[in-house]
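K.L.:
Provided below are the primary sequence and the corresponding predicted coordinates.
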Number of protein chains: 2
Amino acid sequence: MEQVMGGVTAAKGFMAAAAAAGIKYTDRTDMAMIYSTVPCVAAGTFTTNVVQAAPVKWDKKMVSNSEFAQAVVVNSGIANACTGEEGDAYCSRTAKKTAEVLKIPEDVVLVASTGVIGMQLPIEKICSGVEVLAEGLSDTKEAGNAAARAIMTTDTHEKEAAAVFTAGGRTVTIGGMCKGSGMIHPNMCTMLSFLTTDLAISKELLQEALREDIMDTYNMVSVDGDTSTNDTVLLLANGLAGNPVITEKNEDYRAFVEALRYVNTTLAKQMAGDGEGATALFEVSVTGAACKEDARTLSKAVITSNLTKAAIYGHDANWGRILCAIGYSGVSFDPDRVDLCFESAAGRIQIMRDGTALPYSEEEATKILSEPYVRAEIDIKSGDFEATAWGCDLTYDYVKINADYRS
Amino acid sequence: MEQVMGGVTAAKGFMAAAAAAGIKYTDRTDMAMIYSTVPCVAAGTFTTNVVQAAPVKWDKKMVSNSEFAQAVVVNSGIANACTGEEGDAYCSRTAKKTAEVLKIPEDVVLVASTGVIGMQLPIEKICSGVEVLAEGLSDTKEAGNAAARAIMTTDTHEKEAAAVFTAGGRTVTIGGMCKGSGMIHPNMCTMLSFLTTDLAISKELLQEALREDIMDTYNMVSVDGDTSTNDTVLLLANGLAGNPVITEKNEDYRAFVEALRYVNTTLAKQMAGDGEGATALFEVSVTGAACKEDARTLSKAVITSNLTKAAIYGHDANWGRILCAIGYSGVSFDPDRVDLCFESAAGRIQIMRDGTALPYSEEEATKILSEPYVRAEIDIKSGDFEATAWGCDLTYDYVKINADYRS
C-alpha cells in the first residue's frame, strides 16, 4: 500500500463538483456531487441515534435495496433532520432531479446533509444546485478538493486522503473525503465521509470491510460526546481497476482492508484535530487490555473527559484526570498497575509507573503538551489488547462556536 | 415537613467547626469537623470509580464495620487520591488524632478529602488542624455554615439545607452541607455531602433510605460528566429527637424519606447551579417514559450534552440538540411523539409538539433562556414514568477553570 495525494476523484472513473447554492451560507460553496461513470456497488454505515435525519433514512434504504449506486449529492448548512415527511420528500426530489440531469435511475442516487437541525431545505435552490453540479463534474484532483470544501460546516479545512494498492496484479486506488467538527462522538460512524475506489468487489464484502473498519477509525473519534442525527459513511466501488472481482477474504481483500484502514484513520484523525475550537489533536492509546472492547472503552473515556480535554488545552500534565477517566469508564482494572506516558514532537515523558506518579519535570511535560499533536499512552497490564482513540482539547472557542451556532 | 434554615448543626446534638490548616489554600479555611455529642448510626454511599481515594476506602470500611460513627473530619485542597499506602496511612493517622482529642474510639471517625489528585496530604498540618477543630466545635448555625465554607474547592458559595418533620410525635431535624463544582457526574453520588439528623432509626433503614434517595438526587446531577474518585455522601443519625426507633417502613419512615429527599434535592440543585463556570442551573424533566430508568437516562443525556449546555449558555432554544441528545441516549422512543417546553421565571414556551417544531418566537425563547434557572420539559408519551436531572451551562469560565486548575 502506498499513500497518494487526492480524495474522492483519485480512483478511476470518479468525478466530483462543487456549487454555491445559497442554502444557508452566502459566501461559499455548499453543495457537492460525486459521480461514477459506471455503476458502483455501495456500502454504508449510519448513525445509531434514534432520531435519524431524512437523508440517513433514504441512504439506508438505497444501500440495502438497490443493486448499484452511481451518484451522491451532499449539502451543507441544513441537516434535513427533524423535518418530518416534508424532509423525506426533499430527499426523493433531490434524487429525482439528479437522476434526470445525469440520465441515471433514481434509485442509484444517494443524498447527505449536514448543518442545522429542524429547518427545511430550500428545495428549489437544491434542484438548481444539482444542475450546476452536473455541469461542473470533473475527474481532477481540484474537483475532488472543491467537493471536500463544499461539505464543510464549522470545519476549518477540508479533509481528504487516498492510497493505492495492488489486487490481482492491477493497481487499485481508494480515496475519500469527510467533514466533521462538532456533534461528533464514537457511535457507529461520525459525520459525513465519502469513499470511492475502483476496486472490483462484491457488495457483501464491501459492506463487511467498511463495517469492521469503522469500529477502529471513525468510531474512535470524539469531539464532544454528541452523536449526530446525520452520521453517514458511504463507500462506492466501481470496479474500473480491472482486478478479478473479490468475493472471498483472500490476499487482495486484505490489501484492500489495509488501504481502507489507512484512508479512514487519516480522515478520522483530521476530523479529531479539526474539532470545534481545537488547538490540538489528542491521541490516546491503551495497551494491555483484557479484550479489544475494554481497550476501546478506556481510550474513549479519556478522549471524552471534559476535564482531561481542558487540561490538554492548558498544557497541563494532569494525570489524575486521566486516571479518574479510565476509572469511571466501566472497565475493571487494577489502578496499581497503570503506566502512563505523554508523547509529542517535543519528546516523550513517563508520568506514572504501576499506579504511582514518577518525579517528572513539569516544565518538560508542559513542553511536550504544547504541541499540536499530543499522544497519551496508557498500559493497564491486564492482557494483550490495544486500541487508539482520537479527540481534541476543550477550548474557549468550542464554547463560543456552540453558544452562537444558530445565530 | 417544613423547610428550615441551617445545615449540619441544625439537628440536636451536632456540632461543627472550621479551621485554616494551610493544606493548599493559604487565605481561607480548609478543614471542617462534624461531631455528635452521642454516637450515631451512619450510612454512606461512595463513588463507583475504579480508582478510589484513600478516604473513600476508609469510610466504606468504617460505615460497614463500625456500629457507630461520631465525628467526620474533612479537608479541601488535596484529594488524597492515587496516593498509595502512604495515603491510606494518613486516613488512619487523621482518625487516630481525632479520636485522641475528642476522646472517642478511632473506629467512629470518618474522613473525607477533596481537591487535587495525586498529592500527599501534609499530615502534620492536618493533625494541627484537628486540634484547632476540636477546640472550636459549636452547635450554632454559624459553625455549620463555617464548616460548609471550609470544604469548598472551586465552589463559589457554600451549600446547606435543613428541614424538620414529625416522627412518633417528636420533632425531628435533618440538615446537611455539600460541596461540588467540577468532576461531577451522576454515578453513585456526587462529591462530598454530609447529612446529620437527630432521628432514631436502625442502621439498615438509614442506609436503605440514603441508597434509594441518591438515585433521584445526587445521581441526577452532572456538571461535566466526570465521576470523581472521592464522591462521598455520609448520613449520621444520633437519635436525640427521642422518637421511637424506626425499624420498619412505617409512617415515620416515610416522613423521614420525604425530608431527606427535600434536603438532598436542595443540595443537589445548589451543586448543579454552582457548576464550574456556570451562569445557569439547567433542570431537565422527562415525563411519559416507559420505566423509571429510561426517564433518568433521557434526562441525564440532555444535561450532559456539551452542545446543549453551550446552547443554554448562548440563550439559544436549540431544540435540535436536545432531540439529538435523547436520540443517542440509548433509550428507544418514537421521535414523532416528542413534546418539548422551556420554562423559567420569565415564562413558558412550547417549542415542539409530536416531534415537530412549533412556530414559536425566538425572541421570547431567548428571554426565557436568559434566566439563571432554566427548565426543559420533555414528554415522550411512552408511559407513566418521569425523572428530573440537574446540570448547568458550558461556559468560557469552565474551560478557564479547568485549563488552569493545578497551577
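P.N.:
Now that the structure is in, tell me what you want to look at.

K.L.:
residues contacting residue A:170?
P.N.:
A:241-243 (CB atoms under 8 Å, 6 or more residues apart in numbering or on different chains). For every residue, glycine as well, the C-beta is placed using N, CA and C.

K.L.:
where in the stretch 151-300 of chain A is pLDDT low?
P.N.:
Low-confidence segments of the stretch 151-300 of chain A, defined by pLDDT under 70: A:181-190, A:223-227.

K.L.:
do that again at 90, thanks
P.N.:
A:153-157, A:179-191, A:215, A:218-233, A:268, A:271-278 (pLDDT under 90).

K.L.:
Could I get the full set of strands for the stretch 251-400 of chain A?
P.N.:
A:281-289, A:339-344, A:347-353, A:356-357, A:373-379, A:385-392 (DSSP state E, counting those that start in this stretch).

K.L.:
now those in CSV, with distance to chain B and mean neighbour count?
P.N.:
Formatted as CSV, those follow (distance: least, CB to the nearest CB, whole Å; neighbours: other CB atoms under 10 Å in any protein chain shown):
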stretch, distance to chain B, mean neighbour count
strand A:281-289, 13, 24
strand A:339-344, 11, 20
strand A:347-353, 8, 16
strand A:356-357, 5, 16
strand A:373-379, 13, 20
strand A:385-392, 12, 24
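
K.L.:
what's the least confident stretch among those strands?
P.N.:
Here the lowest mean pLDDT among those goes to strand A:356-357, at a mean of 84.

K.L.:
got the residues of the stretch 201-350 of chain A near chain B?
P.N.:
Counting by CB under 8 Å from any CB of the partner chain, the residues of the stretch 201-350 of chain A close to chain B are A:224-229, A:304-307, A:310-311, A:313-314, A:316, A:318-321, A:323-329, A:331-333, A:335-336.

K.L.:
Can you flag which of the residues you listed belong to helices?
P.N.:
A:304, A:306-307, A:310-311, A:313, A:319-321, A:323-327 (DSSP state H).

K.L.:
Residue A:255 and residue A:163 touch, don't they?
P.N.:
No - using CB atoms under 8 Å, residue A:255 makes no contact with residue A:163, being 10.2 Å away.

K.L.:
Export the strands of the stretch 251-400 of chain A as CSV, with columns for distance to residue A:213.
P.N.:
What follows is the strands of the stretch 251-400 of chain A, written out as CSV (distance: least, CB to CB, whole Å):
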stretch, distance to residue A:213
strand A:281-289, 18
strand A:339-344, 25
strand A:347-353, 29
strand A:356-357, 37
strand A:373-379, 22
strand A:385-392, 14
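
K.L.:
residues near the closest residue to residue A:3 other than its chain neighbours, how many?
P.N.:
Nearest non-adjacent residue to residue A:3, counting by CB to CB, 6 or more residues apart in numbering or on different chains: residue A:163, 5.4 Å away. By the criterion of other CB atoms under 10 Å in any protein chain shown, residue A:163 has 23 neighbours.

K.L.:
repeat for residue A:319
P.N.:
When neighbours are counted by other CB under 10 Å, residue A:319 comes out with 24.

K.L.:
for residue A:204, same thing?
P.N.:
11.

K.L.:
I'd like the next helix or strand past the helix or strand containing it.
P.N.:
In this assignment (DSSP states H and E), residue A:204 forms part of helix A:203-216. Next along the chain after helix A:203-216, taking DSSP H and E as the criterion, comes strand A:232-237.

K.L.:
quick one: that next one to chain centroid distance?
P.N.:
11 Å (CA atoms, centre = their mean, to the nearest Å).

K.L.:
cool, and stretch A:58-72?
P.N.:
For stretch A:58-72, the distance to the chain centre is 20 Å (CA atoms, centre = their mean).

K.L.:
Ramachandran coordinates for the residue of the stretch 51-200 of chain A found nearest chain B?
P.N.:
Nearest to chain B, among the residues of the stretch 51-200 of chain A, is residue A:117, at 2.7 Å (CB to the nearest CB). Reported as degrees, to the nearest 10, the phi and psi values for residue A:117 are phi -80, psi 140.

K.L.:
quick one: the helices in the stretch 51-200 of chain A?
P.N.:
Here the stretch 51-200 of chain A has its helices, by DSSP state H, counting those that start in this stretch, at A:54-65, A:84-102, A:123-136, A:141-150.

K.L.:
so who does the residue nearest to residue A:3 touch?
P.N.:
Each residue near residue A:163 by CB under 8 Å, 6+ apart is listed here: A:1-4, A:173-175, A:259, A:262-263.

K.L.:
Derive a ChimeraX selection command for the buried subset of the residues you listed.
P.N.:
Entered in ChimeraX, the line below selects the buried ones among the contacts of residue A:163, by 16 or more other CB atoms under 10 Å in any protein chain shown:
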select /A:1,173,174,175,259,262,263
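
K.L.:
of the contacts of residue A:163, closest to chain B?
P.N.:
residue A:263 (26.1 Å).

K.L.:
hang on, the earlier thing: need the residues touching each of residue A:255 and residue A:163.
P.N.:
Overlap of the contact sets of residue A:255 and residue A:163 (by CB under 8 Å, 6+ apart) consists of residue A:1.

K.L.:
before we move on, back to that, spatially nearest residue to the residue of the stretch 51-200 of chain A closest to chain B, not counting backbone neighbours?
P.N.:
residue B:320 (2.7 Å).

K.L.:
before we move on, back to that, of the residues of the stretch 201-350 of chain A next to chain B, which qualify as buried by neighbour count?
P.N.:
A:224-229, A:304-307, A:310-311, A:313-314, A:316, A:318-321, A:323-329, A:331, A:333, A:335.

K.L.:
Flag every buried residue along stretch A:99-109.
P.N.:
A:99, A:101-102, A:104, A:107-109.

K.L.:
next one: stretch A:59-76
P.N.:
Quick answer for stretch A:59-76 (16+ other CB under 10 Å): A:59-60, A:62-63, A:66, A:68-76.

K.L.:
Farthest-apart pair in the residues you listed, please.
P.N.:
Within the buried residues of stretch A:59-76, A:68 and A:76 form the most distant pair, 26.1 Å apart (CB to CB).

K.L.:
Residue A:28 belongs to a strand, doesn't it?
P.N.:
No - counting by DSSP: H, G, I helix; E, B strand; the rest coil, residue A:28 falls outside a strand, being coil.

K.L.:
check contacts around it.
P.N.:
A:20, A:149-150.

K.L.:
And for residue A:117?
P.N.:
Applying CB under 8 Å, 6+ apart, the residues contacting residue A:117 are A:53, A:79, A:81-82, A:229, B:320-321, B:323-324.

K.L.:
Redo the residues you listed as TSV? Include distance to residue B:300.
P.N.:
Below are the contacts of residue A:117 laid out as TSV (distance: CB to CB, whole Å):
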residue	distance to residue B:300
A:53	24
A:79	24
A:81	22
A:82	21
A:229	19
B:320	19
B:321	15
B:323	16
B:324	15
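
K.L.:
ok, the residues you listed vs residue B:218, which is closest?
P.N.:
residue B:321 (25.3 Å).

K.L.:
still on that earlier bit, most packed of the helices of the stretch 51-200 of chain A?
P.N.:
helix A:141-150 (a mean of 23; mean count of other CB atoms under 10 Å in any protein chain shown).

K.L.:
Report the mean per-residue pLDDT for that one.
P.N.:
Here the average pLDDT along helix A:141-150 is 97.

K.L.:
do the same with stretch A:99-119
P.N.:
On average, stretch A:99-119 scores 94.

K.L.:
pull the longest helix from chain A.
P.N.:
helix A:251-273.

K.L.:
and that one with helix A:203-216, angle?
P.N.:
Angle of helix A:251-273 versus helix A:203-216, following axes from the mean of the first three to the mean of the last three CA atoms, to 10 degrees, is 40 degrees.
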